[in-house]
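Engineer: Next comes the sequence, and after it the predicted model I'd like to discuss.
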Amino acid sequence: MMLEEKQKAYVKDSLTRAISEMKVAKIEGRKLQSVDDFINEMRGV
């Protein structure tokens, strides 16, 4: 498998997980993390 194919597969998997998480959060009535909160978490703030 070429690098580009691996990257596409990774992105597809990541997006699939994110969409699933969004659906579950909506069903459970909880809010998802904001983009700013996510960035701060990645920075270790």
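Structural biologist: Cool, the structure landed. Just so we're clear, the structure is a prediction, and the values are computed from it rather than from any experiment. Residues are numbered from 1 along each chain as shown.
Engineer: Quick one: the helices in the protein, in order.
Structural biologist: Along the chain, the segments classed as helices by DSSP state H run 3-28, 35-43.
Engineer: Those helices into TSV, with extra columns for mean neighbour count and mean pLDDT?
Structural biologist: Every residue, glycine included, has its C-beta placed from N, CA and C. Shown next, in TSV, are these (neighbours: other CB atoms under 10 Å; pLDDT from 0 to 100):
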stretch	mean neighbour count	mean pLDDT
helix 3-28	10	93
helix 35-43	10	91
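Engineer: Quick check: phi and psi on the spatially closest residue to Glu21 that is not a sequence neighbour?
Structural biologist: Distances taken as CB to CB, 6 or more residues apart in numbering place Leu32 nearest to Glu21, at 7.4 Å, with adjacent residues excluded. Main-chain dihedrals, Leu32, degrees, to the nearest 10: phi -80, psi 160.
Engineer: What of Lys31?
Structural biologist: Dihedral angles (degrees, to the nearest 10) for Lys31: phi -90, psi 150.
Engineer: Name the nearest residue to it, ignoring sequence neighbours.
Structural biologist: Take Lys31 and drop its neighbours on the chain: the residue closest to it by CB to CB, 6+ apart is Ala25, 7.2 Å away.
Engineer: is it true that that neighbour touches Leu32?
Structural biologist: Yes. The criterion here is CB atoms under 8 Å, and Ala25 meets it with Leu32 at 5.2 Å.
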